[in-house]
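Chemist: Got a sequence here, can you model it:
(3 chains)
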Amino acid sequence: MNLLFWWEVVGTFVFCVSGAVAARGKDMDWFGMFVVGLITGTGGGMLRSFLIGDLPPVFLRDPLYFGIAGLATVIAVAGAGWWERVRRAVSVLDAFGLGLFVVTGMRIAQAHGLAPWAALALGVISATFGGLLRDVIRNEVPLVLRREIYATACIAGGLVLIGLDALGSPEGLALAVTTAVVVTIRLLAIRYAIHRSEA
Amino acid sequence: MNLLFWWEVVGTFVFCVSGAVAARGKDMDWFGMFVVGLITGTGGGMLRSFLIGDLPPVFLRDPLYFGIAGLATVIAVAGAGWWERVRRAVSVLDAFGLGLFVVTGMRIAQAHGLAPWAALALGVISATFGGLLRDVIRNEVPLVLRREIYATACIAGGLVLIGLDALGSPEGLALAVTTAVVVTIRLLAIRYAIHRSEA
Amino acid sequence: MNLLFWWEVVGTFVFCVSGAVAARGKDMDWFGMFVVGLITGTGGGMLRSFLIGDLPPVFLRDPLYFGIAGLATVIAVAGAGWWERVRRAVSVLDAFGLGLFVVTGMRIAQAHGLAPWAALALGVISATFGGLLRDVIRNEVPLVLRREIYATACIAGGLVLIGLDALGSPEGLALAVTTAVVVTIRLLAIRYAIHRSEA
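Modeler: Predicted structure coming up:
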């Protein structure tokens, strides 16, 4: 449980920084970077809370998320160039965050009595809606709706989790395999995309 | 009741296809078309659910809506040209969907204890918010906010329903008349708009 | 209490007109002006309602808000030029509305059991989210995320309120001081911005 918690913190942090850095590119001030960062990191969980009535959303339950978004804002203000240089390393963390958001989103949905197909939908929403909001607020057509492999990775991971649950897999194994599936597809996609953009 | 249900399915389907086709025009992938289609068809009902706490929204209760959005995506990918050719015929179905969304939205609001004026607002929201979200996500100023006759048809229908309720009209009649009012205004508006665009 | 109520009505009205006038600039019809006006004035309260489950939002509880948005629409249609001329006077009312939205947002959040830091977040959301939605629907990068002093005024006011609460200040004094802080910072910022834009 503790490991899960810290993975989610790391995933949220990477999402927040991506949002705050993207906000900076739109001439936003520190408040804009903070808000867009916070929304990118916690927007998926927020919509999930709205959809199942699990209120208030997590970012209002623990000040930790404001701290994470604050740190992300500092990085966006002071270290955007540095962030750009470590982006390839960061995309691994981002992929882990994505996988974990799918898993925790599905588990919370199931705990609220949703059927597997609906839980899968909530897992994908948990993982992708923050990025969608980030782009809508920045006045861009959402990236997640234009690069299919992003959502495909989440859906594949979610389907694997449903399959492992049906087979009676122990929780730790189910979680590790699901996250690994999401991470693998994402990293393959990033590698492929890098090649394509070089062509 | 069965007829009502199938009308709503047809209306949702037409809305979903309009969303998925519009997403294609923004260079979205299949996931983007699916999401925008689903949101266009069920976004009005989703906001209604949020506003009155009727959770989860209908698209998470019945996998049918994901199936409808999936079919809409297939049409957007494979048959956008064909869809364009039948668009005038489809606009009749779209108008019926609009009318029905107003009626079902108002009935659900009334069942949750809202006053007639608030139920009217929820009926209009149910019918128009999906299209508004479709355009916000596609990074366009929402069409429904620029062509007044669209909302006017919904409001007129809702006012007629309130009037018929006050007169003690039987449910079937109230429903038929309300939908007919919305459909008539919409189709007159479409005919008028066609003429204007030819001028 | 009565004074508070009327302050909020005035604040909502000023926000609604700003939204309706801004909608007009995007070629929207009367329905678009009405919707964007209503959302600008009540969108902050709506998100607050969603976040803490305080449903339905205030704009569905009292038809007054539809009346305010309707009046704002009339002004946007008939008196946009006149509104432009009184804008500097109006910005004082707008600042009062902002301050009051922070205070009422925080009080409602505290009544729902939220900690001070979370109540502060809800106060800022209550005051700023309507303007953010106005700009997202108008397809613009939100102003509130680009001009930091706007949010800074709200946060400063909220921090002062938390401090006064900790000191056991009587409610009337806490409210007056908090609003005065928000108004003062806002008006100084407006004066500064005017000078800068003249330079």
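
Chemist: C-alpha from now on. contacts and neighbour counts both.
Modeler: Noted.

Chemist: wait, does the host helix or strand of residue A:186 contact chain B?
Modeler: In the assignment (DSSP states H and E), residue A:186 maps to helix A:171-198. No. Using C-alpha under 8 Å from any C-alpha of the partner chain, helix A:171-198 stays clear of chain B, with a minimum separation of 14.7 Å.

Chemist: again with stretch A:56-65
Modeler: No. Figure legend: stretch A:56-65 not in contact with chain B (C-alpha under 8 Å from any C-alpha); closest approach 13.5 Å.

Chemist: And stretch A:20-40, by the same measure?
Modeler: No. If you take C-alpha under 8 Å from any C-alpha as the test, stretch A:20-40 misses chain B, and the best it gets is 15.2 Å.

Chemist: tell me the mean pLDDT for that stretch?
Modeler: Stretch A:20-40 carries an average pLDDT of 91.

Chemist: Now find how far off-centre it is within its chain.
Modeler: How far stretch A:20-40 lies from its chain's middle: 16 Å, per C-alpha atoms, centre = their mean, to the nearest Å.

Chemist: Pull out the buried residues from that stretch.
Modeler: A:20-24, A:28-40 (16 or more other C-alpha atoms under 10 Å in any protein chain shown).

Chemist: Straight-line length of it, end to end?
Modeler: Using C-alpha to C-alpha, to the nearest Å, the end-to-end distance of stretch A:20-40 comes out at 8 Å.

Chemist: thinking again about what came up before, which among the buried residues of stretch A:20-40 are in contact with chain C?
Modeler: Within the buried residues of stretch A:20-40, those near chain C by C-alpha under 8 Å from any C-alpha are A:28-33, A:35.

Chemist: Keep only those of those residues that are in helices.
Modeler: A:30-33, A:35 (DSSP state H).

Chemist: Need those residues in JSON lines (columns: distance to residue A:126).
Modeler: Shown next, in JSON lines, are these (distance: C-alpha to C-alpha, whole Å):
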{"residue": "A:30", "distance to residue A:126": "26"}
{"residue": "A:31", "distance to residue A:126": "24"}
{"residue": "A:32", "distance to residue A:126": "22"}
{"residue": "A:33", "distance to residue A:126": "21"}
{"residue": "A:35", "distance to residue A:126": "18"}
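
Chemist: Among the residues you listed, which one lies nearest to residue C:158?
Modeler: Nearest to residue C:158, judged by C-alpha to C-alpha, of these is residue A:31 at 15.2 Å.

Chemist: Residue C:150 is in contact with that closest one, correct?
Modeler: No. Between residue A:31 and residue C:150 there is no contact under C-alpha atoms under 8 Å: 9.3 Å.

Chemist: if I look at residue A:47, how far off is residue B:90?
Modeler: Counting by C-alpha to C-alpha, the gap from residue A:47 to residue B:90 is 32 Å.

Chemist: no, scratch that, I was asking about residue A:95
Modeler: 42 Å.

Chemist: Show me which of the two is the more surrounded one.
Modeler: residue A:95 (25 against 17; other C-alpha atoms under 10 Å in any protein chain shown).

Chemist: dump the residue contacts of that one.
Modeler: Residue A:95 is in contact with A:182-183, A:186-187, counting by C-alpha atoms under 8 Å, 6 or more residues apart in numbering or on different chains.

Chemist: Most neighbours among those residues, which one is it?
Modeler: residue A:182 (27 neighbours).

Chemist: Contacts only, for it.
Modeler: So residue A:182 contacts A:95-96, A:98-99, A:153-154, A:156-157 (C-alpha under 8 Å, 6+ apart).

Chemist: what about 6 Å?
Modeler: Residue A:182 is in contact with A:99, A:153-154, A:157, counting by C-alpha atoms under 6 Å, 6 or more residues apart in numbering or on different chains.

Chemist: Just the ones of the residues you listed in helices?
Modeler: Using DSSP H, those in helices are A:99, A:153-154, A:157.

Chemist: Make TSV out of those residues and add distance to chain B, pLDDT and neighbour count.
Modeler: Listed next are the ones in helices among the contacts of residue A:182 as TSV, based on distance: C-alpha to the nearest C-alpha, whole Å; pLDDT from 0 to 100; neighbours: other C-alpha atoms under 10 Å in any protein chain shown:
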residue	distance to chain B	pLDDT	neighbour count
A:99	18	89	32
A:153	11	91	24
A:154	11	94	33
A:157	15	95	30
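
Chemist: how about the residues of chain A near chain C?
Modeler: Contact residues (C-alpha under 6 Å from any C-alpha of the partner chain) of chain A with chain C: A:28-29, A:31-32, A:55-56, A:60, A:138-139.

Chemist: which ones are touching whatever residue of chain A ends up closest to chain B?
Modeler: Among all residues of chain A, residue A:145 sits closest to chain B, at 3.9 Å; criterion: C-alpha to the nearest C-alpha. The neighbours of residue A:145, taking C-alpha under 6 Å, 6+ apart as the test, are B:28, B:31-32.

Chemist: do that again at 7 Å, thanks
Modeler: Residues in contact with residue A:145 (C-alpha atoms under 7 Å, 6 or more residues apart in numbering or on different chains) are B:28-29, B:31-32.

Chemist: just the helices in chain A please.
Modeler: For chain A, applying DSSP H gives helices covering A:2-24, A:30-52, A:64-78, A:80-85, A:87-111, A:116-137, A:148-166, A:171-198.

Chemist: and residue A:83, how many neighbours does it have?
Modeler: 17.

Chemist: Same question for the one 10 residues further on.
Modeler: For residue A:93, the tally of surrounding residues (other C-alpha under 10 Å) stands at 20.

Chemist: Do you know the pLDDT at it?
Modeler: 76.

Chemist: which one is it nearest to, not counting chain neighbours?
Modeler: Leaving aside its sequence neighbours, residue A:93 sits nearest to residue A:11 (C-alpha to C-alpha, 6 or more residues apart in numbering or on different chains; 6.5 Å).

Chemist: still on that earlier bit, and chain A, which of the contacts of residue A:145 reach it?
Modeler: With C-alpha under 7 Å from any C-alpha of the partner chain as the criterion, these include B:28-29, B:31-32 near chain A.

Chemist: Nearest to residue A:107 among those?
Modeler: Distances from residue A:107 to these, taken by C-alpha to C-alpha, are shortest for residue B:31, at 22.8 Å.

Chemist: Distance-wise, check that closest one relative to residue A:135.
Modeler: Residue B:31 is 16 Å from residue A:135, by C-alpha to C-alpha.

Chemist: hmm, who's touching the helix or strand of chain A with the lowest mean pLDDT?
Modeler: Using mean pLDDT, DSSP states H and E, helix A:80-85 stands out as the lowest-scoring helix or strand of chain A, at a mean of 73. For helix A:80-85, the external contacting residues (C-alpha under 7 Å, 6+ apart) are residue A:21.

Chemist: Repeat the analysis, applying 10 Å as the threshold.
Modeler: A:17-18, A:20-22, A:24-25, A:73-76, A:87, A:89-90 (C-alpha atoms under 10 Å, 6 or more residues apart in numbering or on different chains).

Chemist: Closest to chain C out of those residues?
Modeler: residue A:24 (9.6 Å).

Chemist: ok now do the spatially closest residue to the closest one that is not a sequence neighbour, which residues does it touch?
Modeler: Once flanking residues are discounted, residue A:24 sits nearest to residue A:33: 6.2 Å by C-alpha to C-alpha, 6+ apart. Shown in contact with residue A:33 (C-alpha under 10 Å, 6+ apart): A:16-27, A:39, A:69-70, A:72-74, A:76-77, C:145-146.

Chemist: Residue A:91 now?
Modeler: Applying C-alpha under 10 Å, 6+ apart to residue A:91 gives the contacts A:14-15, A:97, A:183, A:186-187, A:190.

Chemist: Tell me the one among these nearest to residue A:119.
Modeler: residue A:97 (17.9 Å).

Chemist: Against residue A:15, how distant is that closest one?
Modeler: 8 Å.

Chemist: Check residue A:149 too.
Modeler: 18 Å.

Chemist: any chance of the contacts of residue A:95 in CSV, plus distance to residue A:119?
Modeler: Listed next are the contacts of residue A:95 as CSV, based on distance: C-alpha to C-alpha, whole Å:
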residue, distance to residue A:119
A:182, 16
A:183, 20
A:186, 21
A:187, 24
